[in-house]
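Student: I would like the atomic coordinates for the input below:
(2 chains, ligands or ions: 2)
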Number of protein chains: 2
Amino acid sequence: MNWPIVARMLGLLGLLVGASMAFSLPWAFPALGQVETFEARGFWGLVFAMLCSLAVSGALYAWGHQSKSSILRKEAFATVGMGWILAGILGALPFLFSGSERAPGVKMTPIDAFFESVSGFTTTGASLLTELEDPEVIPRCVMFWRCFTHWLGGMGIIVLFVAILGQLGAGGKAMLKREVPGPITESVRPRVQESAIVMWTIYVVFSGIETVLLMSCGVSLYEALCHTFGTMATGGFSTHNSSVGFYNGGPVEFIIIIFMLLAGVNFSLYYLVFRRHHKDSWTKRLKHLTSDAELRAYLLIILVVTCLLTISLMVNGYYANLFVALRHSLFATVSIITTTGFGTEDFSNWSEFAKGLLFVLMFVGGCAGSTAGGIKVIRWVLLGKIFILEIEKAYRPNVVRPLRLGGIVVEERIRHDVVVYFCMVLVIFLGSWFLLITIEPDDLWETHGDHGIAEKLLDCGSAVAATLNNVGPGFGVIGPTENFANFSQQGKCLLTMLMLLGRLELFAILVLLTPRFWRQQ
Amino acid sequence: MNWPIVARMLGLLGLLVGASMAFSLPWAFPALGQVETFEARGFWGLVFAMLCSLAVSGALYAWGHQSKSSILRKEAFATVGMGWILAGILGALPFLFSGSERAPGVKMTPIDAFFESVSGFTTTGASLLTELEDPEVIPRCVMFWRCFTHWLGGMGIIVLFVAILGQLGAGGKAMLKREVPGPITESVRPRVQESAIVMWTIYVVFSGIETVLLMSCGVSLYEALCHTFGTMATGGFSTHNSSVGFYNGGPVEFIIIIFMLLAGVNFSLYYLVFRRHHKDSWTKRLKHLTSDAELRAYLLIILVVTCLLTISLMVNGYYANLFVALRHSLFATVSIITTTGFGTEDFSNWSEFAKGLLFVLMFVGGCAGSTAGGIKVIRWVLLGKIFILEIEKAYRPNVVRPLRLGGIVVEERIRHDVVVYFCMVLVIFLGSWFLLITIEPDDLWETHGDHGIAEKLLDCGSAVAATLNNVGPGFGVIGPTENFANFSQQGKCLLTMLMLLGRLELFAILVLLTPRFWRQQ
Ligand SMILES: [K+]
Ligand SMILES: [K+]
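Tutor: Ligands and ions are numbered 1, 2, ... in the order given. Just a heads-up that it's a prediction; the model follows:
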């Protein structure tokens, strides 16, 4: 391992994270919010966190800045994996230094703050905070930082880093590939920096539009920004205890549904449609959307699941009005498939069928190249096709059929990678579930009486699924209106690791756990 | 599809199953048991079932007997898949014709009988019968038939068929490969018939030894045979409501542990050790055992899990005596990893950790080429190695390392097949779980009160795992002392299909569900 170069890259990344804390500072000022002693403490806590971040990052950069060699694939892996952990640590400092409280009177521990920060950067949106609306529990500016971490992590801190710093050779491409989700990461543009700039530009423009639209519905700038960060990054942190349910339906809910949907689509498609110097007609441009196999599957799944959920909710009599049932079904479906995790209704109370469906949806996830988590629609499409081919291969071993997606032959290597990825996700899911059950004490659930233990098993399963797929809320004690505060410290550590594994699609974190990675020259 | 040849093969298979019912008849005779009206009805029911089976099979054979062409791979698949379904149907007739009762006063429906018969042939051992010891509920001779189906299915009806009928060309090899579990099915002997004969001979000899040993402990011939069938086939049907717990520990339990262990080992290894005309010394012969990577992993897992279970049971205070805890832990571990499913204690009452461990063990299963179900130890060993190689490949894509097992390079194709197999099993497991929750009414669990629904979800999950892995008993309402009688008719149909999927390692059944299989010429 070429340590100096890794240190230089981590230092630069840390500087980026530290500097971005500056955007949260204005929200503590009297002109933009009310002055309070507690809020002032938040301001100084944030300033101190920023200085700390810059100092640590500066030191790392200073150590490595003389290294002139270019970054290789192995260093790229180390930078991505450790860079995200570093971002999580630095992002936790504002919570700690401002004295934010998990619940009134309960200070956040370092593990709590790290959990909340990683949950932000990975766009999981799993929260430990129980009182979001009490200004004496968490300062306004720290709350803004919490939502801002979503936005940084959504399109990717490494992508931003590459967009700003420029081409970093083969290693830069490898880093980008680790952070942009999906099995096939073909660059939209030949140059790495250019595609990073394009993706961030689209992201900023969409975010701007959503903020303006939300403000036009009477939402304050502060809340509009926070919810935009949660939507476009498919994060799910809200400033309200009742999440988007606070707005009681209407246009705000509708805008958020639309932008969640948009955030779950491959950003490369937007580039193909909106690029300048374009000679094609709009019909031909939109053909990029209609001909995309993944996008079609994504929209089809949303349509089917929404209908099934609506029927289930109506049949079981949860809502008397068809329109209300449809609205809540659509919101829940889009919120879960894009792994945003915003809530309007507590779907923990819905029928078993509805919950089972949403649980499966957590593993589906959005499209590759979007800000969404989960396994990604394209992998499911490919897996289905692979299964059909494998079944045929069993009785016709000599007939070799290529795997096609939208008319294009998919490489043998990608075919293997997709199956390995599924296998790893499912094994990690089942293994972590068992581990969480084992390390988590029964106390919390024993109050439910005899069958509390059964609830524990299910709640642990949904916590693992919700963090590994970067969804955020699950069912039961971690449902959309409750949260992760109840888990033990060791449980929170495990869940934090799962969020990182999910966001970086396993490998960048798994290599860090392999002794061979550290031993080899 | 060459239908006449498939009909001929199915006819022969049916004749084999029908003829084998004759072995159950003697147990209805006065000299061997007591004369009773109910028992006499069992005798005539069995005779009638036998005649029916022979008639149907004879008709099938008569239709196809003129076909002289040799069986091809596709026909082999159809024969295996449909042959097992046919065996299940024919095997269900004795239950129906004898008027056997699921519980006192409750007649078995055709679906019940099919469930019990498939559970027997697939060596799952999941039962619907609640009163095994009441001679007025199920006749003695039908009870013997129930256990005998285990023995036929354990080493495989197709293997027996090939052993008797001889070489069937390429198709015969393909059929054998579908029935003998494991990713690598290298023939022990060059000729297919010879290896089939060898495997059945070893199976018969081991069964004989176990029967004699059990009888030497004072068990009657009838019970000794029934429990031998359950052990050597890793089936798990018992003649007692309390399963092996009836014998209250002691030598019987010990003998059953040893023979379950032996039944879970690859039978090819026994051939290598015991073959005649052997010039090697015994040291060299035993080296086949000690050098086998799968066998070592299998024994290591049993050792580790037994220790963990013992510690968990002692710490949680389930048993005061270390020896008793160790005995029950060893029995449960061996019973579950070999997917036998015999019980001495109701492990449904054990701690969450212990249950979780046993649940994971269900998916491990025995060795390839044994009579055990589950995913098989060798696939887990290979999967672990594949994961390590894939993680390394992520950051060193140009370094191609071969996958080695016991020093031998494993083909790329098998590597892919193992991952696909895991993926399919896990997807089928999760999909069937969701389906079972959906189609199963809540009534049964609602009596448990508020948290009954959580219990339902878990019980359904354990039912799916127990049938798909051919284990038999699960936890909760289907624990070792309760059974599957409570499930709805549609739920039983799903579970029956899972047993067949598990026993034939998916493909022979999956192809039957593929329209392309039937369409193609
Ligand atoms: K989320
Ligand atoms: K079994």
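Student: low pLDDT regions in chain A?
Tutor: Applying pLDDT under 70 to chain A picks out residues A:30-36, A:68, A:165-178, A:182-191, A:276-279, A:444-452, A:476-482, A:520-521.
Student: secondary structure element for A:I111?
Tutor: Remark: A:I111 resides in helix A:110-121, with elements defined by DSSP states H and E.
Student: mind listing what's buried in that helix?
Tutor: When burial is assessed from 16 or more other CB atoms under 10 Å in any protein chain shown, helix A:110-121 yields the following buried residues: A:111-121. C-beta coordinates here come from the backbone N, C-alpha and C atoms, glycine included.
Student: which secondary structure elements does that helix sit against?
Tutor: In terms of contact count using 3 or more CB pairs under 8 Å, 6 or more residues apart in numbering or on different chains; DSSP states H and E, helix A:110-121 is assigned the packing partners helix A:73-97, helix A:140-155, helix A:489-503.
Student: between the second one and helix A:73-97, how many degrees?
Tutor: So the one you mean is helix A:140-155. Using axes from the mean of the first three to the mean of the last three CA atoms, to 10 degrees, one finds that helix A:140-155 and helix A:73-97 are set 160 degrees apart in direction.
Student: next: the shortest one.
Tutor: Using the same axes, to 10 degrees, the inter-axis angle of helix A:489-503 relative to helix A:73-97 is 130 degrees.
Student: dead centre of chain A: give me the residue that sits there.
Tutor: A:T123 (2.8 Å; CA atoms, centre = their mean).
Student: wait, is it part of a strand?
Tutor: No - with the criterion set as DSSP: H, G, I helix; E, B strand; the rest coil, the secondary structure at A:T123 is coil rather than a strand.
Student: for the residue of the stretch 1-150 of chain A found nearest chain B, which non-adjacent residue is spatially closest?
Tutor: Of the stretch 1-150 of chain A, the residue with the smallest distance to chain B, taken as CB to the nearest CB, is A:F77 at 4.6 Å. Closest residue in space to A:F77, ignoring its immediate chain neighbours: B:Y395 at 4.6 Å, by CB to CB, 6 or more residues apart in numbering or on different chains.
Student: ok, now which ones touch the one you found?
Tutor: Contacts of B:Y395 were listed using CB atoms under 8 Å, 6 or more residues apart in numbering or on different chains, and they are A:73-74, A:76-77, A:507, A:511, A:517.
Student: with A:K107 instead?
Tutor: A:99-101.
Student: same check on A:E179?
Tutor: A:80, A:156-159, A:504, A:508.
Student: same deal with A:G11?
Tutor: Taking CB under 8 Å, 6+ apart as the definition of contact, the neighbours of A:G11 are A:57-65.
Student: circling back: the residue of the stretch 1-150 of chain A closest to chain B touches A:A508, doesn't it?
Tutor: Yes - the pair formed by A:F77 and A:A508 meets the contact definition of CB atoms under 8 Å, at 5.8 Å.
Student: what does the stretch 101-250 of chain A put close to ligand 1?
Tutor: Counting by CB under 5 Å from the ion, the residues of the stretch 101-250 of chain A lying close to ligand 1 are A:125, A:236.
Student: if we use 8 Å, what do you get?
Tutor: A:123-126, A:234-236 (CB under 8 Å from the ion).
Student: now chain A
Tutor: Taking CB under 8 Å from the ion, the part of chain A that reaches ligand 1 is made up of A:123-126, A:234-236, A:339-341, A:373, A:470-472.
Student: try it again at 6 Å.
Tutor: Applying CB under 6 Å from the ion, we find that chain A lies next to ligand 1 at A:123-125, A:234-236, A:339-341, A:470-472.
Student: and the strands in the stretch 301-450 of chain A?
Tutor: In chain order, the stretch 301-450 of chain A shows strands spanning A:403-405, A:408-410, with DSSP state E, counting those that start in this stretch as the criterion.
Student: parallel or antiparallel, list what pairs with the first one.
Tutor: Same thing as strand A:403-405. If you go by DSSP bridges, strand A:403-405 pairs up with strand A:408-410 (antiparallel).
Student: what sits against the nearest residue to A:M21 once chain neighbours are set aside?
Tutor: Nearest in space to A:M21, with sequence neighbours left out and distances taken as CB to CB, 6+ apart, is A:M50 at 4.4 Å. Listed by CB under 8 Å, 6+ apart, the contact set of A:M50 reads A:18-19, A:21-22.
Student: in the strand or helix carrying A:M50, which residues are buried?
Tutor: Mapping A:M50 onto the secondary structure by DSSP H and E places it in helix A:37-64. Buried positions in helix A:37-64, judged by neighbour count with 16+ other CB under 10 Å: A:38-39, A:41-43, A:45-47, A:49-50, A:52-54, A:56-57, A:60-61, A:64.
Student: what about A:H240, how many residues close to it?
Tutor: Residue neighbour count, defined by other CB atoms under 10 Å in any protein chain shown, stands at 14 for A:H240.
Student: so it sits in a helix?
Tutor: No - secondary structure assignment (three-state DSSP) places A:H240 in coil, not in a helix.
Student: report the separation between the residue of chain A most remote from its centre and ligand 2.
Tutor: For chain A, the C-alpha farthest from the mean C-alpha position belongs to A:N398; by CA atoms, centre = their mean, that distance is 42.8 Å. Relative to ligand 2, A:N398 is positioned 36 Å away (criterion: CB to the ion, to the nearest Å).
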